[in-house]
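[1] My questions are about this predicted structure, shown below with the sequence.
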Amino acid sequence: MKNVKKRLYYMMIVLLALTLAFYSTAVYTPDTVVYAEAGDGADVDDADDADVGDGDDGGEDDGADADDADDGDEGDIDEEDDEDDEDDEDDEDDEPELMTSLEYYGRFIGSNISLNVYNWGEYLSDGSDDSLDINKAFTALTGIRINYTTYATNEELYSKLRSGYSSYDVIIPSDYMVGRFINEGMLLPLDFDNIPNIRFIDEQFMSPLYDPGGRYSAPYTWGYVGIIYNRDKIYDEDEVNTWGVLWDEKFLGEILMFSNSRDAFAIAQVRQGYSMNTTDEDELRDALEQLKLQKPLVQAYVMDEIFDKMLSGEAALAPYYAGDALMMLSENEVLGFAVPEEGTNLFVDAMCIPAGSNQKEAAEMYINFLLEPFVGAANSEYIGYATPNSAALDLLDEDFRYDPIAYPDMDDFVNTESFAPLPQQTSRLMDQLWTELLSDDDTYNRMLMPFILLTGLLFSMGLNVYRSRSRRRAKLNS
């Protein structure tokens, strides 16, 4: 009996170790934090002072040389000076220009203010690849520190805000989620007197369906959904012109799917000929059945993970956003992008201030900074998404400005539909149906397996101990 107990204890220890090892490698945390410190402006001032000093010294030397030179040389020097002046003027023209005054941006310097900004992953120019570090530039200009974290889906953002355990000052949800936040009283109305750069937003993006009157949001980017595919695995490119390819059994285990309910249901709804904004319960349940039929073919439900999987060739195709598709295509020439003929979703992501913010005016300043034309242009080029900012559009690199994926001919998008805010009852039903779809997912079963095994082992040990004691009592009684 002692040997049996020893073996059982050893088995329990090994199982616990395996369980811990499993979860230490399986835990995924999408939040990344970037903390921009104030004070970088001093470095810029020092650099400017150094340049001015060097220029003065150089000017004196040139003057001495000119005195020694003959009249002909003086003429040459004058011409060179004129050319230098022209170059300096050109350089000044190339420098980014703030459209809002320094007095406006200096209001909170020395106030020790920080803002909590919550955004999608890979959705803000951060200084990498020689891009503009927007948060650092904002801090240097205003003295306001930025605590920057990211999320993977609108639903994750909603859950975080709804829980009440987190406080954010600026968020950037998608259109339908903006509408949901408004309907549930989770946003503060914006004071556009504090956001003068809103004047640069193209009129077609103002007063949208998801925010009638445009009181609660300022447009950030826009885009649409298509299918990213691997040309080495899909030989007939006509196949990706329909959403039906995501249900094609020959791509078993090669299909990636959205891991958020609204985008996933929209694809199934369009495929069935329904509106993406349907509130009909029968149509929503039919869409669920279509997603259940698709599920055995799906390799994984993903968001940001799509980058690694598609770039490395782990999957053949996936629905995703045009801006991210553009970035992936630039890194891997084997990838292609197509918009299915049944129609697609045209979306807008917008900047908002949650109802729990304690720094509303500073948050509005941050939104205004993101709407500065040179900031909007640098950000759009870095993240690959189209800008609704007309002044920023004029500053874009021509290759990007006229890229057919980033800025397509909208006449080709006959069946395009934008998300409208759904009634609370419909949103809750969709959430329930989405949970039903994922509830029997193999991934979830694999994660529960160690607990099931451990429970069984503990039960077995308890049963053996109970039997052993029963036998001892039986011997003593005899």
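    That came through, no problem. Residues are numbered from 1 along each chain as shown.
[2] wait, isn't S261 in contact with E436?
    No - S261 is beyond contact range of E436, at 10.7 Å (criterion: CB atoms under 8 Å). All C-beta spots, glycine's among them, are computed from the backbone N, C-alpha and C.
[3] the longest strand in this protein is where?
    For the chain, the strand with the greatest residue count under DSSP state E is strand 218-230.
[4] contacting residues for the closest residue to D403 other than its chain neighbours?
    Excluding its sequence neighbours, the residue lying closest to D403 (CB to CB, 6 or more residues apart in numbering) is L326, at 6.7 Å. L326 sits next to 337, 384, 403, 405-406 when contact means CB atoms under 8 Å, 6 or more residues apart in numbering.
[5] Could you do F200 as well?
    Taking CB under 8 Å, 6+ apart as the test, what F200 contacts is 99, 371, 373, 376, 389-392.
[6] Those residues, buried ones only, as a PyMOL selection?
    Selection command for PyMOL covering only the buried members of those, criterion 16 or more other CB atoms under 10 Å:
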select buried, resi 371+373+376+389+390+391+392
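[7] Including secondary structure and distance to E283, could the contacts of F200 go into JSON lines?
    As requested, the contacts of F200 are exported to JSON lines (DSSP: H, G, I helix; E, B strand; the rest coil; distance: CB to CB, whole Å):
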{"residue": "M99", "secondary structure": "coil", "distance to E283": "46"}
{"residue": "L371", "secondary structure": "coil", "distance to E283": "38"}
{"residue": "P373", "secondary structure": "helix", "distance to E283": "43"}
{"residue": "G376", "secondary structure": "helix", "distance to E283": "38"}
{"residue": "N389", "secondary structure": "strand", "distance to E283": "37"}
{"residue": "S390", "secondary structure": "helix", "distance to E283": "38"}
{"residue": "A391", "secondary structure": "helix", "distance to E283": "42"}
{"residue": "A392", "secondary structure": "helix", "distance to E283": "39"}
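[8] Now for the contacts of F200: which two are most distant?
    Greatest spacing in the contacts of F200, by CB to CB: M99 and S390 (12.2 Å).
[9] quick one on the thing from earlier: does anything pack onto the longest strand of the chain? Which helices or strands?
    helix 261-271, helix 306-311, strand 317-321, helix 322-331, strand 335-338, strand 346-351 (3 or more CB pairs under 8 Å, 6 or more residues apart in numbering; DSSP states H and E).
[10] What helices and strands are in contact with the fifth one?
    Of the remaining helices and strands, those touching strand 335-338 by 3+ CB pairs under 8 Å, 6+ apart are strand 218-230, helix 322-331.
[11] For the host helix or strand of T150, name the packing helices and strands.
    T150 belongs to strand 145-151 when assigned by DSSP states H and E. Other helices and strands packing on strand 145-151, by 3+ CB pairs under 8 Å, 6+ apart, are strand 34-36, strand 114-120, helix 134-142.
[12] Lowest average pLDDT across the ones you listed?
    Among the helices and strands packed on strand 145-151, strand 34-36 has the lowest mean pLDDT, at a mean of 39.
[13] Name the residue closest to the centre of the protein, please.
    Computing the C-alpha centroid of the chain and ranking residues by CA atoms, centre = their mean puts W120 first, at 2.5 Å.
[14] I'd like the distance from that residue to T149, if you could.
    To T149, W120 is 11 Å away according to CB to CB, to the nearest Å.
[15] cool, and N112?
    N112 is 20 Å from T149, by CB to CB.
[16] So for the two, which sits in the more crowded spot?
    T149 (17 against 9; other CB atoms under 10 Å).
[17] For that one, name its beta-bridge partners.
    Beta-bridge partners for T149, by DSSP bridges, are Y118.
[18] That one against G121, yeah?
    No - using CB under 8 Å as the test, T149 is too far from G121 to be in contact (9.7 Å).
[19] Now stretch 174-182: average pLDDT?
    96.
[20] where exactly do the helices run in the stretch 151-300 of the chain?
    154-163, 175-183, 261-271, 281-294 (DSSP state H, counting those that start in this stretch).
[21] my read: the residue nearest to the centre of the chain touches M177, true?
    No - W120 is beyond contact range of M177, at 11.4 Å (criterion: CB under 8 Å).
[22] what's around M430, how many residues?
    Neighbours of M430 using other CB under 10 Å come to 19.
[23] My error: substitute Y165 in the last question.
    7.
[24] From I134, how far out is it?
    27 Å.
[25] Let me see the contact set for T242.
    340-342.
[26] if we go to 10 Å?
    Neighbouring residues of T242 by CB atoms under 10 Å, 6 or more residues apart in numbering: 227, 248, 271, 338, 340-342.
[27] If you rank the residues you listed by neighbours, which is first?
    That'd be I227 among the contacts of T242, by other CB under 10 Å, with 24 neighbours.
[28] For that one, give me its contacts.
    Applying CB under 10 Å, 6+ apart, we find I227 in contact with 234, 239-243, 245-246, 267, 317-320, 325, 336-340, 344.
[29] Beta-bridge partners for it, please?
    Here I227, judged by DSSP bridges, has bridge partners P319, A338.
[30] In terms of pLDDT, where does it sit?
    On the pLDDT scale, I227 gets 97.
[31] cool, D409 as well?
    88.
[32] residues touching P173, list them.
    So, once contact is read as CB under 10 Å, 6+ apart, P173 ends up touching 118-120, 151, 154, 157-158, 161, 179-181, 187, 210, 217, 220, 349-352, 354.
[33] can we see that at 6 Å?
    154, 157 (CB atoms under 6 Å, 6 or more residues apart in numbering).
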